[in-house]
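**Q** The following block contains a protein sequence and its predicted model.
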Amino acid sequence: MAASTAVGPRGQLRFNVLEGPDLGVDEELLSDQCAEIGTRRVGTTADRNALSGAKKFVGLLWGDTTDNLEYRYTSTGWKKVTGLIRGGVGAGTSSQGGDITVTFSSPFTSACTAIVVTDSNTGGGIGPVPLKVVSRSATGAVIRVMQNEVAVSGFPTSFNYIAFGD
């Protein structure tokens, strides 16, 4: 059976089953097709944006090597995969109001829905400090350094955080 010029609904090759076996069939053609067609592909943002026709279908996942994010193709276009977690270490000296701002290395699509923060050093000699999440957004959070229920300004500290969002 020989590969024909017909393609299936997702751009896959079709084989003519009405003909006898083709002993000269190009196995590389089938191998290339298997590598190219699937439910998840990997490439640059430019590759993703250039994808067209039957090879771009609802449900296709894309691992983007340009921005290191995951995308899903929907009936309205490419959407970042959500429900993700960000984590890291925040550090700095608290502002006049006691705040330290954390900027996520990769923002959430719409919002940070929760964040957990734990002090990771003893800072200016007053021991582990209470940290309070003051606000959060898709791009980051504001953490307030506290002592005896009062904001502490000018306090150098670092902390670990895990943020959840969509």
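**A** The structure has been received and is ready for your questions. Numbering: from 1, shown residues only.
**Q** For stretch 48-61, buried residues please.
**A** 48, 51, 56, 60 (16 or more other CB atoms under 10 Å). Glycine gets a C-beta too; all of them are placed from N, C-alpha and C.
**Q** can you tell me the distance between the two ends of it?
**A** 10 Å (CA to CA, to the nearest Å).
**Q** residue boundaries of the helices in this structure?
**A** For the chain, the helices defined by DSSP state H occupy 27-36, 45-50.
**Q** Residue 89 is nearest to which of the ones you listed?
**A** The closest of these to residue 89 is helix 45-50. By CB to CB, the value is 28.1 Å.
**Q** just to revisit the earlier point, JSON lines please, covering the helices of the chain and showing distance to residue 132 and mean pLDDT.
**A** Putting those into JSON lines (distance: least, CB to CB, whole Å; pLDDT from 0 to 100) gives the following:
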{"stretch": "helix 27-36", "distance to residue 132": "51", "mean pLDDT": "69"}
{"stretch": "helix 45-50", "distance to residue 132": "38", "mean pLDDT": "95"}
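**Q** Please identify the most buried of those.
**A** helix 45-50 (a mean of 13; mean count of other CB atoms under 10 Å).
**Q** Quick one: low-confidence residue ranges for the protein.
**A** 1-7, 9-11, 13-17, 19-25, 31, 34-38, 82-83, 121-128 (pLDDT under 70).
**Q** let's see it at 80
**A** Filtered on pLDDT under 80, the chain yields the residue ranges 1-39, 54, 68, 82-84, 106, 109-110, 119-129, 166.
**Q** Domain-wise, how is this protein divided?
**A** Following automatic domain parsing, one gets these domains for the chain: 3-80, 84-165.
**Q** which residues touch the residue nearest the centre of the chain?
**A** By CA atoms, centre = their mean, the mean C-alpha position of the chain lies nearest to residue 69, the distance being 3.5 Å. The contact partners of residue 69, by CB atoms under 8 Å, 6 or more residues apart in numbering, come to 80, 81, 106.
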